[in-house]
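>>> turn this into a structure:
(2 chains)
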Amino acid sequence: MSEKDKRRLSLRLPAHPEYVGLVMQFVERTAGVFGLAEGDVKSLELATEEIFMYLATSACPGGELLVECSDGVYFTEATFRFPAGPMNLRGLNIAPAAPPNLEEDVDLSEMGLLIASRSVDRLNLTVEQNDRFKLTVVKEKSYPRIEEPPPRPEEGGEIAVITPDAERIKDFAVLAAAHYREAERPACLDFPGKVVDMVAGGDYHCLIAVTPRSAVVGGLLFHYRTEKIVACHGPYLFPRNREGAAGEALLEACIGRVARGKALGIITLSVLPPGLQNDFETIGQLTYYGEDTTAVTIPHRYRHLHEDAGGEVWIHRDLRAYLEETYARLYLARNIRHVRDVRETRPGFSLFAADVARGRGEVMLRPLLPGGDFEDNLKRHIMFLRQENFRNIFFTLDLGIPWHAELIPLITVRGFRPGIVLPGAGRSDMIVFQYHAAP
Amino acid sequence: MPPPDLDRLIPAYVREFEPYIPSKPDPELRKLYGCPRLFRLNNNENPLGPPPAAQEVIRRFPPPAGALYPSGDSYYLRHEIAARQGIDPDQVLVGNGANEVIAFVIKAFCEQGDNIVTADKTFAVYEWVATFSGIEARLVPLKDHVFDDEGMLAARDGRTKILFVCNPNNPTGTYWPRERLLRFLDLVDGRQMVVIDEAYFEFVDKADFPDGMTLIGPYPNVVVFRTFSKMYGLAGLRIGYLAGSREVVDMIRRTCVVYSVNGIAQEAARACLRDDTGHIGRTRELVRTAREVVDMIRRTCVVYSVNGIAQEAARACLRDDTGHIGRTRELVRTAREFVGGEMAKLGLPVITGEGNFLIVKLPGSDTLAYKKLMRQGVMIRPMTGFRFPNHIRVTLAGMEAMEAFVAALRNILS
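Below you'll find the model as predicted:
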């Protein structure tokens, strides 16, 4: 049994409403054992209740359900795996079919995912093998902010890159928070205990640069954002003008860890030291809105880990100029195919997956199933997400899937604009659109 | 019928492994990148092709022989290799390229919980085969671009079964001289197997470069790899071999699949040994055509991975007395001097040593340079996958290709 398996408990049962108490108790007890605080357990329990009842009454009544509760060290996660027939997939959209105005006549059975998403930090839906769906809700632990003054950065001396212990991870987080603006670093660096737990959980990795006297002079965090993309935060250097050798060594060490793994590329969202900017290509930019409506536009930089394999992409003429410019700028060789809309019938209901990150007011939508109601569904999602105060709304399409390209004019007409192109991140390149509200 | 539950059926170490994606065929690449010609400088192939006799073996391969099984254990080729190395034929095991013999050795010696030790920046296949076999690969950083003997010895534990030493190392071209290798073997003291991968052996003519074959006797824990893919130009036929003590090879043989070496490769390898026709240049195009035919034949024989003349060709390579090795070394030396000089003019550092390749450090991303160079019809190997970010490896080939590479690189840097 792997270490990860040892931190995962499961319950297999039919999706009948009478089992709701059992499932809630399972999640409550398990999350408690995993160290989630009482209030956070309640939130996860509430999401569990809403999801289970929704599955038992709407999405897959009576179907076989696998509920798992996992300890991610800095979070507890509840997942629900279930088969779904074609008749009830519509309800898996996070936006309810009815407008979410919470008036008396709203069908609450359609609101399961909406309510569940309100009480957790993250929610997402994916399709797995055998047409099974996996719905995941995540509740993170709470950590104290940094209160101590940062250690004084040390000048000079040869540096070495090491995998740090917990105390040095804390030093790194404290220094990064002190030397870099909020927009230049992930929020987790404000909570050193959280960073330690993120690394201990195995999803995140930390590397630091140290002097011969073991003072921390730089560091970076990285994790697999998807199977094919490593997201890298950093290198952060202390003092900031200490670039060159330390930054290069940190990046090289990071690449050394992932170069022969599954990822095709590394994306960095942080401010790169000038000496490392030629190591990456700018694949576009996205703007992030804070709670106080401040906007920060962040260039996204990418580097391939292997030879770009080229390949075929499907596009719509509305996006032709943008993609041709992007592909030329990034030297990406692509066999471009155009989809045509000849008014063919598109039966059924569309389904979007929503990766929700409540804390950042962010949601990433992905189309899972095509359908004749796509436009209406998108309209509902935008309305719902704006009412729910999501400030950062993105939509991702995979240009390797022809019907995704057909959605391009429907997305752009609703206010989405292309932001970044991720080479080879899906079946082919993926393109991330950002929603820009009409002025 | 429901599809199989792959999460349950496939071991995690296989599911997690990212398969290597080979580059597309040349016509597809030319079309994709819009370049009318393409110089392939990414795989360290020999631009002179196989020695003339091996080319003749390939050319006269009788199509009906495609229906026949080749020698299942490369009988004649093993005998010829053994005779030339002064060892017993049972000390030689031939595989479908050196990659296959790497898998033989790991399968023979390692089980779950065991580990192998090698360098972080070296030929990737030792690490790959170990990883997708569920065996830990312990990677010791190079020291000044050279395998770190002390580091490798320190990385061992009670579950370490094999130490892989790539000598000379791909991609740095550095090597352990004889004294250093002997000291290493003495310190290992038979506690682990030591694989000395000599894929580029024939390119080295340094007096202190060790011949691993001579160490099999005094050090029975040594296994030596050689290939016909590089100097002998039979990369398209996939043929390589290992040699070791009779007892060790007898054990390794238990994990190998008979008939995995096709007949064309066996024959061509034999021809490499004995060729005296001297017609390399004129027959290059014919060989390219023959290779494509051979490739097609192989597709019909997947179960046994074979066709008839490969073993013969390999034997021909071993018998070559036309100066094929000398000509190739001269070509490589000329190319190394030329490219080294041009890189110096561009202010680009070079890592170079033995083998038919060198590494150039770029001022930015190597994977971006790959894309830009492809647009200009030059294919190099970006080194990020070898854990050398911002470096490219270039095969040292004929002057036309080298000039095209330099011009293209100058162009993308300007």
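>>> now for residue 352: which residues touch it?
Chain wasn't specified; assuming chain A. By C-beta atoms under 8 Å, 6 or more residues apart in numbering or on different chains, the residues touching A:F352 are A:93-95, A:365-368, A:377-378, A:381. Where C-beta positions appear, they are placed from N, C-alpha and C, glycine not excepted.
>>> actually, chain B is the one I wanted.
B:173, B:336, B:340, B:358-359.
>>> picking up where we left off before, of the contacts of A:F352, which is the nearest to chain B?
A:L368 (18.3 Å; C-beta to the nearest C-beta).
>>> hang on, the earlier thing: now, which of the contacts of B:T352 sits nearest chain A?
Distances from chain A to these, taken by C-beta to the nearest C-beta, are shortest for B:I359, at 14.4 Å.
>>> my guess is that closest one contacts B:H391, does it?
Yes. Applying C-beta atoms under 8 Å as the test, B:I359 and B:H391 come out as touching, 5.0 Å apart.
>>> which residues are common contacts for these two?
B:351, B:383.
>>> find the centremost residue of chain B, please.
Nearest to the mean C-alpha position of chain B, by C-alpha atoms, centre = their mean, lies B:A199 at 5.2 Å.
>>> run a quick neighbour tally on A:S350.
22 (other C-beta atoms under 10 Å in any protein chain shown).
>>> give me the phi and psi for it.
Phi and psi for A:S350, reported as degrees, to the nearest 10, are phi -80, psi 160.
>>> now B:D211
phi -100, psi 110.
>>> how would you label the residue nearest to the centre of chain B: helix, strand or coil?
coil (DSSP: H, G, I helix; E, B strand; the rest coil).
>>> show me the residues around the residue lying closest to it once chain neighbours are set aside that make contact.
Using C-beta to C-beta, 6 or more residues apart in numbering or on different chains and skipping residues adjacent in sequence, the residue nearest B:A199 is B:T227, 4.7 Å away. Contact partners of B:T227, counting by C-beta under 8 Å, 6+ apart, are B:97-98, B:199, B:239-241.
>>> how about those residues in a markdown table, adding secondary structure and pLDDT?
Listed next are those as a markdown table, based on DSSP: H, G, I helix; E, B strand; the rest coil; pLDDT from 0 to 100:
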| residue | secondary structure | pLDDT |
| --- | --- | --- |
| B:G97 | coil | 88 |
| B:A98 | helix | 87 |
| B:A199 | coil | 96 |
| B:I239 | coil | 92 |
| B:G240 | strand | 94 |
| B:Y241 | strand | 95 |
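>>> SS state for the closest residue to B:V188 other than its chain neighbours?
Closest residue to B:V188 apart from its sequence neighbours, by C-beta to C-beta, 6+ apart: B:V194 at 5.8 Å. Three-state call for B:V194 (three-state DSSP): strand.
>>> next: A:Y288.
strand.
>>> pairing partners for the residue nearest to B:V188 in the sheet, please.
Per DSSP bridges, the residues bridged to B:V194 are B:L163, B:V222.
>>> circling back to that earlier point, next, the residue nearest to B:A199: phi, psi?
Per degrees, to the nearest 10, the backbone of B:T227 is at phi -140, psi 150.
>>> who does it bridge with?
Counting by DSSP bridges, B:T227 forms beta bridges with B:G240.
>>> quick one: pLDDT of it?
Per-residue pLDDT puts B:T227 at 95.
>>> again, but for A:L114
pLDDT, A:L114: 74.
>>> separation between B:A408 and A:A295?
42 Å (C-beta to C-beta, to the nearest Å).
>>> who has more neighbours out of the two?
B:A408 (21 against 11).
>>> need the distance between the two termini of stretch B:112-126.
16 Å (C-alpha to C-alpha, to the nearest Å).
>>> same question for the longest helix along chain A: list its buried residues.
Assignment by DSSP state H gives helix A:38-54 as the longest helix of chain A. For helix A:38-54, burial by neighbour count (16 or more other C-beta atoms under 10 Å in any protein chain shown) applies to A:40-41, A:43-54.
>>> show me what the helix ranked longest in chain B is packed up against.
For chain B, the longest helix by residue count, based on DSSP H, is helix B:324-346. Judged by 3 or more C-beta pairs under 8 Å, 6 or more residues apart in numbering or on different chains; DSSP states H and E, helix B:324-346 is in contact with strand B:350-351, strand B:357-361, helix B:399-413.
>>> deepest of these, which one?
strand B:357-361 (a mean of 23; mean count of other C-beta atoms under 10 Å in any protein chain shown).
>>> looking at the chain, which helix or strand is least sure?
Defaulting to chain A. Every helix and strand of chain A was ranked by mean pLDDT, DSSP states H and E. The lowest is helix A:3-6, at a mean of 71.
>>> I was after chain B.
When each helix and strand of chain B is scored by mean pLDDT, DSSP H and E, helix B:280-299 comes last, with a mean of 37.
>>> strands - which of the contacts of A:F352 land there?
A:365-368 (DSSP state E).
>>> kindly reformat the residues you listed as CSV containing neighbour count and pLDDT.
CSV is the format used below for the ones in strands among the contacts of A:F352 (neighbours: other C-beta atoms under 10 Å in any protein chain shown; pLDDT from 0 to 100):
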residue, neighbour count, pLDDT
A:L365, 26, 94
A:R366, 20, 92
A:P367, 23, 92
A:L368, 17, 88
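>>> kindly reformat those as JSON lines and extend each row with distance to B:E312.
JSON lines is the format used below for the ones in strands among the contacts of A:F352 (distance: C-beta to C-beta, whole Å):
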{"residue": "A:L365", "distance to B:E312": "61"}
{"residue": "A:R366", "distance to B:E312": "55"}
{"residue": "A:P367", "distance to B:E312": "56"}
{"residue": "A:L368", "distance to B:E312": "56"}
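>>> circling back to that earlier point, okay if I get the buried residues of helix A:38-54 as CSV plus pLDDT and distance to chain B?
Converted to CSV, the buried residues of helix A:38-54 look like this (pLDDT from 0 to 100; distance: C-beta to the nearest C-beta, whole Å):
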residue, pLDDT, distance to chain B
A:D40, 93, 29
A:V41, 94, 29
A:S43, 92, 29
A:L44, 93, 25
A:E45, 93, 28
A:L46, 91, 30
A:A47, 92, 25
A:T48, 94, 23
A:E49, 92, 28
A:E50, 89, 27
A:I51, 90, 22
A:F52, 92, 23
A:M53, 90, 28
A:Y54, 86, 25
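>>> burial check on residue 189, number of neighbours?
All of this refers to chain A. Neighbours around A:L189, by other C-beta under 10 Å: 25.
>>> please go with chain B instead
Neighbours of B:D189 (other C-beta under 10 Å): 9.
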